[in-house]
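> Quick check, what structure comes out for this input:
(2 chains)
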Amino acid sequence: MRALVSALVLLGTLLFVPAALAEDTPAGADTTTQAGETPAEERAAQFVGVTGPDAESVPGGTLLLAAYAIVWVLLFLFLVRMRRLQSQTAEELERLSAQIRESEGR
Amino acid sequence: MSRPRQSGSTTLWSLVLFTTLALFAVTLYLIFVVAPVEKQMGIVQKIFYFHVPSAYAMYLGFGASALGSAVYLIKRDAKWDALAVAGAEVGTLFCVIVLLTGPLWARKAWGVWWTWDPRLTTTLLAGMIFAAYLALRSMGDAGEVEKRFASGLALFGLIDLPLIHYSVQRWRGVHPTVITGKGGGLESEMYWALGLSFVAFTGLAALLIWTRASAERQREETARLRFELMHR
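All right, here's what the predicted structure looks like:
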């Protein structure tokens, strides 16, 4: 469960930091290109970031596969964690039983 | 995985397990074979069939945690505390699933991984509240004070659940509203896939909460035995 909590905290951090950085960007920072330049000249002179739907097209199949993989992997990790918790409890119970037998034998 | 001791419970547990597995098999068939590809978003919309039921399973987990906490505060019975811990863990698991699958869908549908939409923000808030609950409970063997404080935190987290649900209607964000009736609805094959997925996720959430609560009760019992042995 610590891994889950860490993942959630990391996710929160990853979400908050870009938003905070975006707010620090100076207002009025102009990203428009100078008129009259060809695309090749523009590329050579400056790099302009794009956001939103103008960004590169992401294949939907890959995103779908990633989403379903995340569900199964997280469920599997949760089951592994429960199994480990039960093993620890069983070991502890065995150790306590041995202690009780030892104290009663005295 | 820990199973309930009684044979009747074990039979019921096995029945729920096999029914859930069968339901998941049929659900996956309906999602990928029967349900059509959505016209505007394409194949990525099929994330919807696991994303929405995961959010519902998150409600079940956090709801169970709040219920267990409330009854524990009244009765001080350890079995209700075990239900609260189990519900918080399972709810957080499904919350992480929702918060990871949602952005993958949003990237294609909205062009961004994340936006501070009311529903997304309130869901993240619920995840953080119950993550705090689990962090509190993971600090060694919790005493009575820690348990009571954690119970209060779970009840505080409960307040956020209706906010998540009604945020779309109240503050109108960009989140889809096809089920709540404000959108254009779903085609019948889509309804079937989603409906069965809801039932499968209900079975899965119930199994996980049941099993985790059982393991937590055994862990508590072991801790009690250890304490008694130390003070003999």
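> What ranges in chain B fall below the confidence cut-off?
Within chain B, the stretches with pLDDT under 70 are B:1-6, B:140-142, B:172-174, B:177-184.
> quick one, longest helix in it?
If you go by DSSP state H, chain B has its longest helix at helix B:188-230.
> list the helices and strands that one packs on?
Counting by 3 or more CB pairs under 8 Å, 6 or more residues apart in numbering or on different chains; DSSP states H and E, the packing neighbours recorded for helix B:188-230 are helix A:60-105, helix B:7-29, helix B:48-75, helix B:78-109. Yep, even glycine has a C-beta here, placed from its N, CA and C like the rest.
> Residue B:118 versus residue B:125, what's the distance?
Distance, residue B:125 to residue B:118, using CB to CB, to the nearest Å: 10 Å.
> out of these two, which sits in the busier spot?
Neighbour tally, residue B:125 and residue B:118, criterion other CB atoms under 10 Å in any protein chain shown: the higher count belongs to residue B:118, 19 against 15.
> Distance check, the more buried one against residue B:91.
When CB to CB is the yardstick, residue B:118 and residue B:91 sit 20 Å from each other.
> So for chain B, which residue is the most central one in space?
The C-alpha lying nearest the average C-alpha coordinate of chain B belongs to residue B:58 (CA atoms, centre = their mean; 2.2 Å).
> which one is it nearest to, not counting chain neighbours?
Across the structure, with CB to CB, 6 or more residues apart in numbering or on different chains as the measure, the residue nearest residue B:58 apart from its sequence neighbours is residue B:94 (3.9 Å).
> if we can go back for a sec, isn't the residue nearest to the centre of chain B up against residue B:99?
No. In this structure, residue B:58 is not within contact of residue B:99 by CB atoms under 8 Å, at 9.5 Å.
> okay but residue B:204 is in contact with residue B:17, surely?
No. Shown here, residue B:204 and residue B:17 do not form a contact pair, counting by CB under 8 Å, at 9.4 Å.
> what about those two, which has more around it?
Applying other CB under 10 Å to residue B:204 and residue B:17 shows that residue B:204 carries more neighbours, namely 23 against 16.
> need the contact list for that one.
A:75, B:20, B:24, B:57 (CB atoms under 8 Å, 6 or more residues apart in numbering or on different chains).
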